[in-house]
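Trainee: could you work out the structure for the sequence below:
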Amino acid sequence: MECISIFDMLKIGVGPSSSHTLGPWRAGRRWIAELKSNNTFTSVDTISVDLYGSLSLTGKGHATDIAVILGLCGYDPQTIDVSQISSIIDTIKNSKQLLFNNELAVSFDPESQINFNSKFKEFHPNGMTFHAILNDGQQISSSYYSIGGGFVVKEERKRKEKKLEAFECFPLPIQKATDLLEYCTAKNKKISEIVLENERSLRSDSEIDERITKIWDVMLSSMYTGCHTEGTLPGGLNVRRRAFDTHKKLIGTTTYTNPTEWIESIRDTEVKFRQILKWVSCFALAVNEVNASLGRVVTAPTNGSAGVIPAVMMYYMVIENHDANFDDVKQFMLVAGEIGSLFKKGATISAAMGGCQAEIGVSSAMAAGALTELMGGTPEQVLMASEIAMEHHLGLTCDPIGGLVQIPCIERNAMGAIKAINACEMALDTDAANAKVPLDKVIATMWETALDMNTKYKETSEGGLAVKVSLSDC
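Mentor: Next up, the predicted model:
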């Protein structure tokens, strides 16, 4: 039984894509570790990278080449100064030299040593192979696959086997929603309390709190930054940042100096239905505008869907409960992370495998369930809310124009957040015993839909809006 921590589902990284940016970035760092373990790192003379399938078809738009370079340089996506990324890449392109893991100088020309191959590898659509020629002329290679949400595996899945061994200490193993519900019933506990028991088998309470604090700090920072940054997003589509304009109209003349004061200021604004819709949309747009400009966000469960969960959490803090604090954030993230893990185990969180239902649909389900528990819902209502949110994202395609995580991706986060809130309210007003569609059934349906979906609607930019709307239209 696969056991996944909430911190596997909620990871701090750099935009614009968890599978096309964060995954390849982490793969580069893993390859370095592999070379070091094989005692071949110091013998490397030249390196090159082959990108396959979806990573190739939309790689430029998703900054896959940039992510690979940063990974090979040894930078950590959680700590790198994102304002320095452009200058780092420019230096490498101009000098034709890369400091491998920031310690070994090798000649490297991104134009000729990162190769985009449109053919797909059988194991997964997001495949990449790293090559090295050693000082003695020996050639070695290693392939990795970015399977969504920043997760990276090798085809033989040796790492997965080791990880399963490491997670044997999970006291309450969960594979399906029914397993989760059984624990809640038997122990008379909330979903968040069951999840916390599992997390405590991996780390201390202080470590759990520290990591959740960092996650929320990045989420809040990305909302704050997005709402206070004006201009046009990079990439050539000339997409104007919308969160800035919306926020300016909503916040009025209120003054504040930091994100904490900002939250209090929002709580004092008008909260009619239209304003609530605008605020939630604004929060979601803000995060994904930061994501689209290679900013730091939290994969939730992916970068492309990073705006849904923070927007819904912020909605709870500024609209529903003005006394909300860290305990509420912690409870929300525990539930959201667990719901996300159910989809990863039973279906996919990779748009290259399942279209946008695997990203926005899953994030909306995660947020809906988490909000429902905060609003006093039962475990059954939590699962019902998650099911409702996903049910109305089934079949959603991934068709980014120009391969960029901008159109329609940014707006979809706003829609996913609104759907999550609506799903929560519908579940709270319903006796969950009357639910007709169990969460496990909708997860299975989502996976079947993913398998049936035409490849051109799976993050290849070969269908849908990506071909109906050309760059000249923008």
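
Trainee: please make it C-alpha for all contacts and neighbour counts, starting now.
Mentor: Fine.

Trainee: and Asp45, helix, strand or coil?
Mentor: Put simply, Asp45 is strand when judged by DSSP: H, G, I helix; E, B strand; the rest coil.

Trainee: spit out the contact partners of it.
Mentor: Shown in contact with Asp45 (C-alpha atoms under 8 Å, 6 or more residues apart in numbering): 106-107, 132-135.

Trainee: let's see it at 6 Å
Mentor: 133-135 (C-alpha atoms under 6 Å, 6 or more residues apart in numbering).

Trainee: got a quick ChimeraX command for the buried subset of those residues?
Mentor: The ChimeraX command for the buried members of these (criterion: 16 or more other C-alpha atoms under 10 Å) is given here:
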select :133,134
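
Trainee: tell me how many other residues surround the nearest residue to Gly74 once chain neighbours are set aside.
Mentor: Closest residue in space to Gly74, ignoring its immediate chain neighbours: Asn101 at 4.0 Å, by C-alpha to C-alpha, 6 or more residues apart in numbering. Using other C-alpha atoms under 10 Å, Asn101 has 18 other residues around it.

Trainee: sorry, back to before: filter the contacts of Asp45 down to the ones in strands?
Mentor: Within those, residues falling in strands by DSSP state E are 133-134.

Trainee: out of the contacts of Asp45, which comes closest to Leu180?
Mentor: Nearest to Leu180 out of the contacts of Asp45 is Ile133 (C-alpha to C-alpha; 49.2 Å).

Trainee: before we move on, the earlier item: next, format the contacts of Asp45 as TSV and append distance to Ser37 and pLDDT.
Mentor: TSV is the format used below for these (distance: C-alpha to C-alpha, whole Å; pLDDT from 0 to 100):
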residue	distance to Ser37	pLDDT
Ile133	17	95
Leu134	15	95
Asn135	18	94
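
Trainee: pipe the contacts of Asp45 into a markdown table and attach distance to Ile401 per row.
Mentor: What follows is these, written out as a markdown table (distance: C-alpha to C-alpha, whole Å):
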| residue | distance to Ile401 |
| --- | --- |
| Ile133 | 37 |
| Leu134 | 40 |
| Asn135 | 43 |
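
Trainee: returning to that earlier point: ok, the residue nearest to Gly74 to Ser341 distance?
Mentor: Separation of Asn101 from Ser341 (C-alpha to C-alpha, to the nearest Å): 32 Å.

Trainee: so how far does stretch 11-20 reach from one end to the other?
Mentor: One end of stretch 11-20 to the other measures 15 Å (C-alpha to C-alpha).

Trainee: Met426: which of the contacts of Asp45 is nearest?
Mentor: Taking C-alpha to C-alpha as the measure, Met426 lies nearest Ile133 of those, at 59.0 Å.

Trainee: phi, psi of the closest residue to that closest one other than its chain neighbours?
Mentor: Residue nearest to Ile133 in three dimensions, not counting chain neighbours: Gln139, with 4.5 Å by C-alpha to C-alpha, 6+ apart. Per-residue torsions, Gln139: phi -110, psi 130 (degrees, to the nearest 10).

Trainee: ok so Asp50 is a strand residue?
Mentor: Yes - according to three-state DSSP, Asp50 belongs to a strand.

Trainee: quick one: contacts for it?
Mentor: Applying C-alpha under 6 Å, 6+ apart to Asp50 gives the contacts 114-115, 128-129.

Trainee: low-confidence regions, the stretch 301-450 of the chain specifically.
Mentor: Nowhere does the stretch 301-450 of the chain drop to pLDDT under 70.

Trainee: what do you get if the cut-off is 90, keeping everything else the same?
Mentor: Scanning the stretch 301-450 of the chain with the threshold set as pLDDT under 90 gives 352, 402-403, 433-435.

Trainee: what does the stretch 51-200 of the chain give?
Mentor: Low-confidence segments of the stretch 51-200 of the chain (pLDDT under 90): 53-63, 118-125, 147-151, 155-170.

Trainee: again, only using 80
Mentor: 156-169 (pLDDT under 80).

Trainee: now do the helices in it.
Mentor: For the stretch 51-200 of the chain, the helices defined by DSSP state H, counting those that start in this stretch cover 54-57, 64-72, 85-95, 110-113, 158-166, 177-187, 191-200.

Trainee: just so I know, which of those lies nearest Val298?
Mentor: Per C-alpha to C-alpha, nearest to Val298 of the helices of the stretch 51-200 of the chain: helix 64-72, 16.1 Å.

Trainee: okay then, goodbye and thanks.
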